[in-house]
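Chemist: model the structure of this input:
(4 chains)
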Number of protein chains: 2
Amino acid sequence: MIRASDADETGQHRSLLQRILTVIDAFEHNEWDVSLAELTRRTGLPKPTVYRIARELVRWGALERTEHGYQLGVKLFMLGERVPRQAALRELAQPFLEDLYEATHENTNLGVLHGTDVLYLARVQGHRSSPVVLRVGDTLPAHSTSIGKALLAYARREVVQEVIDAGLARHTARTVVMPGMFIRQLQGVVDKGYAVNDEETHTGVVSVAAPIFDAHDEAVAAISVTGRAGRIDPHRIAPAVRTATLAISRRLAGQGLTGSHETPIMRSASG
Amino acid sequence: MIRASDADETGQHRSLLQRILTVIDAFEHNEWDVSLAELTRRTGLPKPTVYRIARELVRWGALERTEHGYQLGVKLFMLGERVPRQAALRELAQPFLEDLYEATHENTNLGVLHGTDVLYLARVQGHRSSPVVLRVGDTLPAHSTSIGKALLAYARREVVQEVIDAGLARHTARTVVMPGMFIRQLQGVVDKGYAVNDEETHTGVVSVAAPIFDAHDEAVAAISVTGRAGRIDPHRIAPAVRTATLAISRRLAGQGLTGSHETPIMRSASG
DNA sequence: CGACGATATTCCGCTGGGTGGAACGTGTCT
DNA sequence: AGACACGTTCCACCCAGCGGAATATCGTCG
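Modeler: Next up is the predicted model:
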């Protein structure tokens, strides 16, 4: 049996740190009142243990007490905003997202690759936005989003292979699920300079994305505009998206923001 | 002496949990390459301890390895976006922030009270924004910001007293530092329905804010528009801000979002 | 080139912080 | 009142975590 004796798989939590993280991880998106008993159930940890950990986390601010339980605390929000790469990209891209929104009045998004998914870092959302519930911090499969395709088109082969190996899961009738077709699409993205999502994630929703390059010409993020099929024409909007991403790329290169690590942008004055 | 015998003050870290949090807390805003030695210094913890904790946190994703050290990891960003109250308010307010930005082309902000400070939850920032560096997740003293005054004007007496007790620190020549004057200003806010910051935080920067009320008529957040003094007239913009906050308040009440705790907004379908 | 200083990483025997089963207190059903 | 579920406290056991010290690694001097 390959099954190691560690016996984590099912939720064996050796170290305290593991347990703490398990507790925090037990909270789903936007849950506002998880009881201690519920946490005990989800984590599989003994009740007193969860109780103590939760109490300490509350003291720190990572959790907050609610009427009948706990919720994630404001401290985590503040910490999340400190994460350097995310913060830097967001800050740089935001004005351009605004421009795009103002020009199109459709949702505009900023996303990066995170494994085989797209992680959304920022989003400009108006009143009559598309029906899709998509929050900053959420992830979607890379192969069925315009941002994902825009990034994969310029990514290393292994990354693309990883996505294909993970399986091109079908979400709608139009989702591209054949590896050959998918790779051909990515080549098309390089040719045109932008990627289109034609109802491949949600029926009735289309989007167009273009990549942002850093100083090393690596595609580190992408911007997309999303809207209802029929109401917007991705190919007509594409030039605007490209204009924005080119501008951002230029700034990024100027500031020296590099690839996945080492982010010398906005370093403190001590440098 | 009030000083408890706990002996935390200087950095006595009894429990492992304390230590972990100390390590995470050691990261400042947007730091992208903190060495292990530096963390050791900041936390005051033994080197091997910091090393082990950092390694585990990297495994989990709360930290990431960089060329010569660590930075806060994407996992924290994702967690931060899960925090229910912040996420709910942001999502609700964002379209209106966009409206205000489009109408004024000045920075628009969403903030809440956090102790005696204002915590900024969202921000719409254009190209020719004011010179003030203000990031989402940052805090500023409540008494010298328009959002802070808008919220304090409707807050309970104790909260206002707390701010005054903390000291009305002077930031510019125009900062209101006299308690009596300050309280009179807050009464003026209630009369007019909006609060103005007239170069009280940064010279040359003015702003105007109005509060957002929940179903219990508690002021839970506020929206502001910020711009260079002379270029914008707070009193002229105020009606637009108020229109936005009234609309948000109505939606908030409709969804039943309540005060500081228990946030039934967007609860999962199980409810 | 070798010595030095600063850093990252590993080692290992000791110990006290964390553990979790059990008991207790409280609120809410039928 | 009894039954149940939940939050909270207790306490004796014990192993996870500790941290001083040793080792490895790197860059930078004289």
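
Chemist: how about the helices in the stretch 101-250 of chain A?
Modeler: A:146-152, A:157-165, A:179-192, A:234-255 (DSSP state H, counting those that start in this stretch).

Chemist: just those: most buried one?
Modeler: helix A:146-152 (a mean of 30; mean count of other C-beta atoms under 10 Å in any protein chain shown). Heads up, the C-betas are built off the backbone N, CA and C, glycines and all.

Chemist: how about it, does it reach chain B?
Modeler: No. Helix A:146-152 lies out of reach of chain B by C-beta under 8 Å from any C-beta of the partner chain, never closer than 15.0 Å.

Chemist: what packs against that helix?
Modeler: strand A:107-114, strand A:117-124, helix A:157-165, helix A:179-192, strand A:195-198, strand A:205-213, strand A:219-228 (3 or more C-beta pairs under 8 Å, 6 or more residues apart in numbering or on different chains; DSSP states H and E).

Chemist: and the ones you listed as CSV, adding distance to DNA strand C and mean pLDDT?
Modeler: Below are the helices and strands packed on helix A:146-152 laid out as CSV (distance: least, C-beta to the nearest atom of the strand, whole Å; pLDDT from 0 to 100):
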stretch, distance to DNA strand C, mean pLDDT
strand A:107-114, 24, 97
strand A:117-124, 26, 96
helix A:157-165, 24, 96
helix A:179-192, 36, 97
strand A:195-198, 38, 97
strand A:205-213, 30, 97
strand A:219-228, 25, 96
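
Chemist: redo the ones you listed as CSV? Include distance to DNA strand D.
Modeler: Shown next, in CSV, are the helices and strands packed on helix A:146-152 (distance: least, C-beta to the nearest atom of the strand, whole Å):
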stretch, distance to DNA strand D
strand A:107-114, 28
strand A:117-124, 29
helix A:157-165, 25
helix A:179-192, 36
strand A:195-198, 39
strand A:205-213, 28
strand A:219-228, 25
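
Chemist: any chance of these in TSV, plus distance to chain B?
Modeler: Converted to TSV, those look like this (distance: least, C-beta to the nearest C-beta, whole Å):
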stretch	distance to chain B
strand A:107-114	7
strand A:117-124	6
helix A:157-165	16
helix A:179-192	24
strand A:195-198	22
strand A:205-213	17
strand A:219-228	13
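
Chemist: for residue A:96, which non-adjacent residue is spatially closest?
Modeler: The shortest distance from residue A:96 to any non-neighbouring residue, by C-beta to C-beta, 6 or more residues apart in numbering or on different chains, is to residue A:244 (4.2 Å).

Chemist: surely that neighbour is in contact with residue A:94?
Modeler: No. Using C-beta atoms under 8 Å, residue A:244 makes no contact with residue A:94, being 11.1 Å away.

Chemist: quick check: closest non-adjacent residue to the residue of the stretch 101-250 of chain A found nearest chain B.
Modeler: Taking C-beta to the nearest C-beta as the measure, the stretch 101-250 of chain A has residue A:137 as its residue closest to chain B, at 2.7 Å. Of all residues not flanking residue A:137 in the chain, residue B:81 sits nearest, at 2.7 Å (C-beta to C-beta, 6+ apart).

Chemist: now residue A:213
Modeler: residue A:249 (4.4 Å).

Chemist: quick check: the one you found vs residue B:194, distance?
Modeler: 40 Å (C-beta to C-beta, to the nearest Å).

Chemist: one more: residue A:67?
Modeler: Distance from residue A:67 to residue B:194, by C-beta to C-beta: 32 Å.

Chemist: and if you look at residue A:105?
Modeler: Applying C-beta to C-beta to residue A:105 and residue B:194 gives a distance of 27 Å.

Chemist: please apply the same query to residue A:177.
Modeler: Counting by C-beta to C-beta - residue A:177 and residue B:194 are separated by 54 Å.

Chemist: and residue A:91, what element?
Modeler: Using DSSP states H and E, residue A:91 maps to helix A:84-104.

Chemist: list the buried ones in that helix?
Modeler: A:84-102, A:104 (16 or more other C-beta atoms under 10 Å in any protein chain shown).

Chemist: what of stretch A:215-223?
Modeler: A:218, A:219, A:220, A:221, A:222, A:223.

Chemist: then stretch A:42-60?
Modeler: A:42, A:43, A:45, A:49, A:50, A:53, A:54, A:56, A:57, A:60.

Chemist: give me the neighbour count for the closest residue to chain B within the stretch 1-150 of chain A.
Modeler: Nearest to chain B, among the residues of the stretch 1-150 of chain A, is residue A:80, at 1.9 Å (C-beta to the nearest C-beta). Other residues lying near residue A:80 total 26 when counted by other C-beta atoms under 10 Å in any protein chain shown.

Chemist: what values do phi and psi take at the spatially closest residue to it that is not a sequence neighbour?
Modeler: Closest residue in space to residue A:80, ignoring its immediate chain neighbours: residue B:80 at 1.9 Å, by C-beta to C-beta, 6+ apart. Dihedral pair for residue B:80: phi -60, psi -30, per degrees, to the nearest 10.

Chemist: centre-most residue in chain A?
Modeler: Closest to where the C-alpha atoms of chain A average out (C-alpha atoms, centre = their mean) is residue A:119, at 1.0 Å.

Chemist: wait, that one sits on residue A:112?
Modeler: Yes. Using C-beta under 8 Å, residue A:119 is in contact with residue A:112, at 5.5 Å.

Chemist: returning to what we had before: how about the helices of the stretch 101-250 of chain A, which one is nearest residue B:150?
Modeler: helix A:234-255 (33.3 Å; C-beta to C-beta).

Chemist: if we can go back for a sec, neighbour count: residue A:105 and residue B:194, which is higher?
Modeler: residue B:194 (26 against 17).

Chemist: contacting residues for the more buried one?
Modeler: B:150, B:208, B:209, B:210, B:238, B:241, B:242 (C-beta atoms under 8 Å, 6 or more residues apart in numbering or on different chains).

Chemist: about what we covered before: out of the helices and strands packed on helix A:146-152, which gets nearest to residue A:72?
Modeler: strand A:117-124 (18.0 Å).
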